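Asker: what would the 3D arrangement of this be:
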Amino acid sequence: MPEAPSPPDRFASPESVARMLGIDVPSVLSLVGEGRIRGVRVGPGQEWRIELASVEDYLDDQAENVRRTALWDQSQAASFPELWGHGDVRHPD
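Answerer: From the prediction side, this is the model:
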């Protein structure tokens, strides 16, 4: 009987995620504890595995926060649609 194809890598160790993000392992586990990235404990040793899609979502959220902060810092007259990413944009780039 042929083996089922293995799914693409969905999870990574906290050490791998820490290297990807340039932070230490306790910071990765703190992000898991805060619910900012998703992790599960697996195996007999209950080792943490971090869902890579949640790391991408976390980075996207961080980039969006930086974008909004930069817009806010550029002008106190920035419109809310520019800051929050929807609606009419008063000063398009």
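Asker: low-confidence regions, the protein specifically.
Answerer: 1-8, 75-93 (pLDDT under 70).
Asker: send me whichever helix in it runs longest as PDB with only the CA atoms.
Answerer: With secondary structure taken from DSSP state H, the chain has its longest helix at helix 52-74. Extracted C-alpha coordinates of helix 52-74, given in PDB (Å, rounded to 0.1, in the frame of the first residue of the first chain):
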ATOM      1  CA  LEU A  52       4.400  28.800  10.900                       C
ATOM      2  CA  ALA A  53       1.200  30.400   9.500                       C
ATOM      3  CA  SER A  54       0.700  32.100  12.800                       C
ATOM      4  CA  VAL A  55       4.200  33.500  12.700                       C
ATOM      5  CA  GLU A  56       3.500  34.900   9.200                       C
ATOM      6  CA  ASP A  57       0.300  36.500  10.600                       C
ATOM      7  CA  TYR A  58       2.200  37.900  13.500                       C
ATOM      8  CA  LEU A  59       4.800  39.500  11.200                       C
ATOM      9  CA  ASP A  60       2.000  40.900   8.900                       C
ATOM     10  CA  ASP A  61       0.300  42.400  12.000                       C
ATOM     11  CA  GLN A  62       3.600  44.000  13.100                       C
ATOM     12  CA  ALA A  63       4.200  45.400   9.600                       C
ATOM     13  CA  GLU A  64       0.700  46.900   9.600                       C
ATOM     14  CA  ASN A  65       1.200  48.500  13.000                       C
ATOM     15  CA  VAL A  66       4.500  50.100  11.800                       C
ATOM     16  CA  ARG A  67       2.700  51.400   8.600                       C
ATOM     17  CA  ARG A  68      -0.100  52.900  10.700                       C
ATOM     18  CA  THR A  69       2.400  54.500  13.200                       C
ATOM     19  CA  ALA A  70       4.400  56.000  10.300                       C
ATOM     20  CA  LEU A  71       1.300  57.500   8.800                       C
ATOM     21  CA  TRP A  72       0.300  58.900  12.200                       C
ATOM     22  CA  ASP A  73       3.800  60.300  12.700                       C
ATOM     23  CA  GLN A  74       3.800  61.900   9.200                       C
END
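Asker: report the buried residues of that helix.
Answerer: Residues 52, 54, 55, 58, 71 are the ones in helix 52-74 that count as buried (16 or more other C-beta atoms under 10 Å). C-beta here means a position set from N, CA and C on the backbone, and glycine is covered the same way.
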